[in-house]
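# sharing a model prediction with you, sequence too.
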Amino acid sequence: VLGPPDDTNTFAGDVDLHSWYLDDGIVGGDAETVSRLVTTFAEVGSSFGLCLNPRKCEVVCDPSSGDSITSLFGGLGSAISWSNWVLLGSPCGDEGSRGPFLEHAMDNAIRRTQLVSRVGEIDPHVAFALLRLCCGFSLAVYYMRGCGPSPHFARLDAASIATFEQCVSPVSEAQLTQLQLPIRHGGFGLRPAAPFATVAYCTSAHSSRQFLEVLTSSSCRLSADPIMSSSLRDASFQSLPSSRQQLLDYLNTDASPGDHAQRMVSRAIEDQLADDWLATLSEQRDKARINSCRRDHSSGWLLPRPFEDHIEGWLSPAEFTTACRLRLGQPVAHAATLCNTCHTSTADVFGDHSLTCMKGGHRSRVHDQIRDMIFNVASMALMNPRKEDPCFGTSSKRSDITLTNVHRARSDTTTRSANPVAIDVTLT
């Protein structure tokens, strides 16, 4: 769907740029040739029900010849300077126009991000989900791929962090790094835009180069991409030598759209940032905390699947704030006190003892809750579970859960297990 019309002989003249996507097109070349092509297309297209809408047309030209261009095209659209024009929501002019455009776009993105803080006053868990999925990086990535690095992306990153601090808790410099790391590295997945702008633009521009042969004529000479050259000199990217070399190697290959190069290099950047940050952790407690946060399924509470009422994953404001503070290594109590469960140890401000104390009746309550969760899942899977059922042929030994309808997959077929499966829940 991306390319010139099938019957190119219908149109007069040879233009430098001739591209159409469904009923939207762009034509580039000298003014007389483009004018003839547009006139011919208007005549031919009307026979197929395709009529030009003058109010939606734009004539991009040298501003010094704007009057003559306007008269040549007979009022078809408005004349726009080629140093300041926009195509598909991305600025295509010079650096002087891209800056104000991105400033305005990021101002709108920042206002949307700041609105999330008002949601956080009611439900910080929902506010975090909106912040991670609908704000910050997700609002900037389209402009990153079309414009390259810009200081305005850093403003959006700062607004995202400020919103999190308003909704949940203020963070230190080290905790800020954890906040921006992906969940697989023990972070919160609030990816910043600024460090990835170079990768986004360079991979986007390089992977789409093969389209130039389709979109431009053989006589059209293309100059070097100044944005790519300046992007590779960006200071934030220069500080990541291994990722920079990986990007340079990619730029020396034959790329194609859909090769996921941005994801590949961005992942390498995240890995390097995570390794550098972990190397700065000196306390064993912090290392153990991050190691726990990186475990499989240990972060599922951060972002439950939306619009599923049967999933009890959304936490109350107090629960979510406390869980976030524990993940960040922040205090969850004002002062250490004697544990009111075991009455022998000190309950520290970080909640370490309170999470591991096995004295008191709450241990049984936690055990029963985990057992009931497994029972409910097994019931939905039609495994016919039973609680506290005698097992091993005796009445003295009882399993927490017994699955009486279990199907086991083998290499050749799936068969029903002849014997029930016993599950015992143990807290350690």
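Arrived safely. Residues are numbered from 1 along each chain as shown.
# by mean pLDDT, which helix or strand of this protein comes out lowest?
Ranked by mean pLDDT, DSSP states H and E, the helix or strand of the chain with the weakest confidence is strand 2-3, at a mean of 48.
# count of neighbours near the residue nearest to residue 96 when sequence neighbours are not counted?
Nearest residue to residue 96, sequence neighbours excluded (C-beta to C-beta, 6 or more residues apart in numbering): residue 83, at 6.9 Å. For the C-beta atoms, the positions are set from N, CA and C on the backbone; glycine is no exception. Neighbourhood size, residue 83 [other C-beta atoms under 10 Å]: 14.
# secondary structure element holding residue 83?
Under DSSP states H and E, no helix or strand contains residue 83.
# contacting residues for the closest residue to residue 299 other than its chain neighbours?
Nearest residue to residue 299, sequence neighbours excluded (C-beta to C-beta, 6+ apart): residue 183, at 4.6 Å. Listed by C-beta atoms under 8 Å, 6 or more residues apart in numbering, the contact set of residue 183 reads 189, 299, 302.
# now the longest helix anywhere in the chain: buried residues?
Determined from DSSP state H, the single longest helix within the chain is helix 95-120. Within helix 95-120, the residues that count as buried by 16 or more other C-beta atoms under 10 Å are 97-98, 101-102, 105-106, 109-110, 112-113, 116-117, 119-120.
# check which element follows it along the chain.
For helix 95-120, the following helix or strand on the C-terminal side (DSSP H and E) is helix 124-134.
# just the CA trace of the following helix or strand past that next one, in CSV.
As assigned by DSSP H and E, the chain's next helix or strand after helix 124-134 is helix 137-147. Coordinates of each C-alpha in helix 137-147 appear next as CSV, following Å, rounded to 0.1, in the frame of the first residue of the first chain:
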residue,chain,number,x,y,z
PHE,A,137,7.8,6.9,27.1
SER,A,138,4.7,5.8,25.3
LEU,A,139,3.8,9.4,24.5
ALA,A,140,7.3,10.2,23.3
VAL,A,141,8.4,7.2,21.3
TYR,A,142,6.7,8.3,18.0
TYR,A,143,8.5,11.6,18.2
MET,A,144,11.8,9.9,19.2
ARG,A,145,11.6,7.8,16.0
GLY,A,146,10.9,10.8,13.8
CYS,A,147,13.0,13.6,15.4
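# quick one: mean pLDDT over helix 137-147.
Helix 137-147 shows a mean pLDDT of 94.
# helices or strands up against that helix?
On a contact count with 3 or more C-beta pairs under 8 Å, 6 or more residues apart in numbering; DSSP states H and E, helix 137-147 meets strand 90-91, helix 95-120, helix 151-167, helix 197-207.
# of all the ones you listed, which lies closest to residue 22?
strand 90-91 (18.3 Å; C-beta to C-beta).
# which SS class is residue 400?
Here residue 400 is strand, with the state taken from DSSP: H, G, I helix; E, B strand; the rest coil.
# OK, contacts around it?
By C-beta under 8 Å, 6+ apart, the contact set of residue 400 is 371, 374, 387-388, 423-425.
# in TSV, list those residues along with secondary structure and distance to residue 201.
Formatted as TSV, those follow (DSSP: H, G, I helix; E, B strand; the rest coil; distance: C-beta to C-beta, whole Å):
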residue	secondary structure	distance to residue 201
371	helix	52
374	helix	48
387	strand	58
388	strand	61
423	strand	52
424	coil	55
425	coil	52
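# emit the PyMOL select command for whichever of the residues you listed are buried.
A single PyMOL command is used to select the members of those judged buried by 16+ other C-beta under 10 Å:
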select buried, resi 371+425
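# and the furthest pair within the contacts of residue 400?
The farthest-apart pair in the contacts of residue 400, when distances are taken by C-beta to C-beta, is 374 and 388, at 13.1 Å.
# look up how far residue 333 lies from residue 231.
Distance, residue 231 to residue 333, by C-beta to C-beta, to the nearest Å: 47 Å.
# run a quick neighbour tally on residue 74.
Residue 74, neighbours per other C-beta under 10 Å, totals 10.
# err, residue 146, not the other one
Per other C-beta under 10 Å, the neighbour tally for residue 146 reads 21.
# quick one, what contacts the closest residue to it other than its chain neighbours?
Spatial nearest neighbour of residue 146, excluding adjacent residues (C-beta to C-beta, 6+ apart): residue 90 at 3.5 Å. Residue 90 makes contact with 142-143, 146-147 under the criterion C-beta under 8 Å, 6+ apart.
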